[in-house]
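Chemist: With the input below, show me the fold.
(one chain, ligands or ions: 1)
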Amino acid sequence: MCCALSLADRGARVTLFERNAPGRGASWAAAGMLAPAFEAAGEPGVHPALFDLCLAGAEVWKSFSSRLTALTGRALDYGDAGALACAITQEQGERIMALASACEARGVPHICLEPEDARRREPSLSAELAGALELPTDQQIDNWGVVEALGAALADAEVRVLSGLSVTAIDGEPGNMHLDAAPDDVFDAVVWTVGESARLPVHYEGEITYLVPEGAIVPVKGQLFSLAPRKAGPRRVLRFGPGYVAPKASRIIVGSTSEWNVDDTHAELNVIEALRREAAQICPILAEGQITRIWAGVRPGTRDHGPILGASSIPGVYQATGHYRNGILLAPVTGELMAELVLEGRTGGFLEKFGMSRFDGAGENASSPSLASIR
Ligand SMILES: Cc1cc2nc3c(=O)[nH]c(=O)nc-3n(C[C@H](O)[C@H](O)[C@H](O)COP(=O)(O)OP(=O)(O)OC[C@H]3O[C@@H](n4cnc5c(N)ncnc54)[C@H](O)[C@@H]3O)c2cc1C
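Modeler: Numbering: from 1, shown residues only. Predicted coordinates for the structure are as follows:
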């Protein structure tokens, strides 16, 4: 949706094809954290420029959120509360120490907090808290609201949205491209933004064609639940190990698992209960109240956690996928980069760093064992 909007902003006539309804894939399932600082301490093997791309993504959100808010009149929960990385267990403590060092090394604002200071800022935190790290640059947004606002922005920009239409075949050359979903239309270029489905083939000129090498995109399932918001509940994003709490105006989201190579969207009760127990250790009020929703989504993972942005192996077809756990944060900057590439032929910078060529011969690392975190 952001790619379509950025292209239309620059004067292109754009059609968006969506097999279901726009924005109801991973973008709907997400927690909406906009968390560049959290990427400062990426696991071993993470793309060296991912942190910089995430910072750029957070910067674009500042004006992009205002644009969406002005258009729809909705605040979208974009705020400046920052996030708190919290620790009770030794493992969580080690994690926030590593994050603090990484932030220090990269010049990212962060404040190490004693438990009582953290609880003063966030009274919902447990009395057992051992310490916390404040990350003022990490924000959040209501991703459901964003998707709805993007729908309004696309209508405003006169993007033609065709829902319920799968694209499975592409033919032709740049300037004269055809899609099976709209046989009578001719397109100059195609931007392939199918999320985790990018690992599946497409027919090009009748041949089964993979746009990314086998193993470059890995489905990574995440399970979450939500509770109704309440007065004494958390007011900002809380991180604890791989878990997090993202309180929105309409719901408190708690997540998530990272199940590599799993591509179903079925949420399991026992997993949700375990997530809730873990979250309640950090924020005891989360043990109370009825769960309002449980769900799961599939992240388009890559082994270096960075997206794939740029030209594909088919002339005239570009791709923007593999945003893994940062696709909400990176959506507006991805739109900008792709529109510059497609319409102005701009390359270099992030487009060069996040091109597909880095995955040549990816097959042998398909399961990404050094980065797998399966709970
Ligand atoms: C549990 C979870 C938590 C997350 N939390 C965060 C977070 O806090 N912050 C953050 O920044 N990111 C988060 N993410 C990551 C983020 O949601 C994704 O990286 C991002 O949504 C990917 O966007 P996308 O447009 O590439 O994919 P999607 O949102 O999945 O969209 C792809 C769309 O393409 C459509 N499609 C697929 N194939 C075809 C076809 N052949 N023809 C037509 N349409 C097709 C699909 O129906 C889908 O709607 C989270 C993800 C999950 C699953």
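Chemist: of all the residues in the stretch 201-350 of the chain, which ones are close to the ligand?
Modeler: 222, 224, 255-256, 297-300, 321, 323-329 (CB under 6 Å from any ligand atom). All C-beta spots, glycine's among them, are computed from the backbone N, C-alpha and C.
Chemist: Contacts only, for Leu84.
Modeler: 113, 118, 121-122, 125, 132-135, 236-239 (CB atoms under 8 Å, 6 or more residues apart in numbering).
Chemist: Find the residue closest to it in space, skipping its chain neighbours.
Modeler: Ala132 (4.9 Å; CB to CB, 6 or more residues apart in numbering).
Chemist: Let me see the contact set for that neighbour.
Modeler: Contacts of Ala132 (CB under 8 Å, 6+ apart): 84-87, 96, 112-113, 115, 117-118, 125.
Chemist: circling back to that earlier point, return the subset of the contacts of Leu84 lying in helices.
Modeler: 118, 121 (DSSP state H).
Chemist: List only those of the contacts of Ala132 flagged as buried.
Modeler: Those of the contacts of Ala132 that meet the buried threshold are 84-87, 96, 113, 115, 118, 125, by 16 or more other CB atoms under 10 Å.
Chemist: Could you report the separation of the closest residue in space to Ser166 that isn't next to it in sequence from Asp264?
Modeler: Nearest non-adjacent residue to Ser166, counting by CB to CB, 6+ apart: Arg19, 4.0 Å away. In this view, Arg19 and Asp264 are 17 Å apart by CB to CB, to the nearest Å.
Chemist: More neighbours: which of the two?
Modeler: The neighbour count for Arg19 versus Asp264, taken as other CB atoms under 10 Å, is higher for Arg19 (16 against 11).
Chemist: Report the separation between Val298 and Leu53.
Modeler: 22 Å.
Chemist: between those two, who's got more neighbours?
Modeler: For Val298 and Leu53, the more surrounded residue by other CB under 10 Å is Leu53, and the numbers stand at 26 against 21.
Chemist: out of the contacts of Ala132, which are inside strands?
Modeler: 84-87, 112-113 (DSSP state E).
Chemist: among these, which two are most distant?
Modeler: Largest separation among the ones in strands among the contacts of Ala132 by CB to CB: Cys86 and Cys112, giving 12.1 Å.
Chemist: what's the overlap in contacts for these two?
Modeler: 131-132.
Chemist: tell me the contacts of the closest residue to the ligand within the stretch 201-350 of the chain?
Modeler: Nearest residue of the stretch 201-350 of the chain to the ligand: Gly327, at 2.0 Å (CB to the nearest ligand atom). For Gly327, the contacting residues are 26-27, 30, 195, 299-300, 307, by CB under 8 Å, 6+ apart.
Chemist: could you redo the last one with a cut-off of 10 Å?
Modeler: Gly327 sits next to 2, 25-27, 30, 57, 143, 195, 299-300, 307, 320-321, 334 when contact means CB atoms under 10 Å, 6 or more residues apart in numbering.
Chemist: what does Phe17 give?
Modeler: Contacts of Phe17 by CB under 10 Å, 6+ apart are 4, 160-167, 179, 181-182, 190, 193-194.
Chemist: go again using 8 Å as the cut-off
Modeler: Taking CB under 8 Å, 6+ apart, we find Phe17 in contact with 162, 165-167, 179, 181-182.
Chemist: closest to Pro247 among the ones in strands among the contacts of Ala132?
Modeler: Leu84 (11.7 Å).
Chemist: Looking at strand pairing, list the partners for the closest one.
Modeler: Glu134, Leu238 (DSSP bridges).
Chemist: still on that earlier bit, save the ones in strands among the contacts of Ala132 as JSON lines, and put in distance to the ligand and pLDDT too.
Modeler: Listed next are the ones in strands among the contacts of Ala132 as JSON lines, based on distance: CB to the nearest ligand atom, whole Å; pLDDT from 0 to 100:
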{"residue": "Leu84", "distance to the ligand": "15", "pLDDT": "97"}
{"residue": "Ala85", "distance to the ligand": "14", "pLDDT": "96"}
{"residue": "Cys86", "distance to the ligand": "17", "pLDDT": "97"}
{"residue": "Ala87", "distance to the ligand": "20", "pLDDT": "95"}
{"residue": "Cys112", "distance to the ligand": "24", "pLDDT": "96"}
{"residue": "Leu113", "distance to the ligand": "22", "pLDDT": "97"}
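Chemist: from those, which is closest to Gly348?
Modeler: When the ones in strands among the contacts of Ala132 are compared for distance to Gly348 (CB to CB), Ala85 wins out at 34.0 Å.
Chemist: Tell me, how many residues neighbour the residue in the stretch 51-200 of the chain positioned nearest to the ligand?
Modeler: Residue nearest to the ligand within the stretch 51-200 of the chain (CB to the nearest ligand atom): Gly195, separated by 2.5 Å. Number of residues near Gly195 (other CB under 10 Å) recorded here: 20.
Chemist: Please give me every residue in contact with it.
Modeler: 25-27, 298, 300, 321, 327.
Chemist: Just the buried residues out of those, in PyMOL syntax.
Modeler: In PyMOL, this line selects whichever of the contacts of Gly195 come out buried by 16+ other CB under 10 Å:
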select buried, resi 25+26+27+298+300+321+327
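Chemist: So which of the contacts of Gly195 sit within strands?
Modeler: Among the contacts of Gly195, the members found in strands (DSSP E) are 298, 300, 321.
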